[in-house]
Structure formats: structure tokens, C-alpha cells
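Enquirer: Here is my input; please provide its structure:
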Amino acid sequence: MAAEHVIVTSTTDSETAALELAAKAIEERLGACAQIVGPVTSVYRWEGEVRTDREWRVEIKTTAARVPALTERIRQLHGYDLPEVIATPIEGGSADYLAWVTTETGNGG
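Expert: All right, here's what the predicted structure looks like:
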């Protein structure tokens, strides 16, 4: 059985970009709530080279039904050639909070 709610995570190269991404997701009801964590240090391989960069992580709580639209919107808004977009299922939690997530993302009927 698939989870009904997820946390979609992405990273950006600035706090300003993270705030803009979070605000758009919430304004457009693609997510109910977003947190920005950072700065964080990311170490990764890109174009054959190991890189280390300072980034800000954006975590957006949403419904599984909203993931495709949110993923596409992140791609449109993001400054990276290949933005990180990872959806992690929420397996439990406060029923009231999760109902609120559903309502805020327009999936409440």
C-alpha cells in the first residue's frame, strides 16, 4: 500500500532561492508546509568531478497525488540543470496534521 503523504526534498544554492521555491509550492497548493534547512554542505560527483558546495535544503509536506505536479514545478523554478527531487513516504504521524496537509493541498474534497 502506497503512502498517502510524502515529504519532497530539494536543495538550492542560496537561502533566497530556497525561500522562493518553498513559497511558490505553498502558494500554488502543491505543498501544505515547507521547511528550509541550511546551510548544509553537499559533496557529490558532477561531470566527472567531486564537488563540495554550500546548499539549502527545502522539505515540502504534501500528498502523493501532488508529487508529479510539484516535481514539475520544482524543475521549472530551479536554477540547477538537474535539481534534486526526492519524495519520501510518510508512514505515520498525527492524523490531524496529515488531514490538514490533504486539505491545504486541495485534496480534501
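
Enquirer: residue boundaries of the strands in this protein?
Expert: 5-12, 33-46, 49-63, 86-89 (DSSP state E).

Enquirer: just those strands: most buried one?
Expert: strand 5-12 (a mean of 22; mean count of other Cβ atoms under 10 Å). Where C-beta positions appear, they are placed from N, C-alpha and C, glycine not excepted.

Enquirer: sorry, back to before: out of the strands of the chain, which gets nearest to L21?
Expert: strand 49-63 (5.3 Å; Cβ to Cβ).

Enquirer: Please state the offset of the closest one from the chain centre?
Expert: 9 Å (Cα atoms, centre = their mean, to the nearest Å).

Enquirer: so what does it touch, helix or strand wise?
Expert: Counting contacts by 3 or more Cβ pairs under 8 Å, 6 or more residues apart in numbering; DSSP states H and E, strand 49-63 packs against strand 5-12, helix 15-27, strand 33-46, helix 95-104.

Enquirer: what about the third one, average pLDDT?
Expert: Within the predicted structure, the mean pLDDT of strand 33-46 is 97.

Enquirer: okay, and for this structure, where does confidence drop off?
Expert: 1-2, 107-109 (pLDDT under 70).
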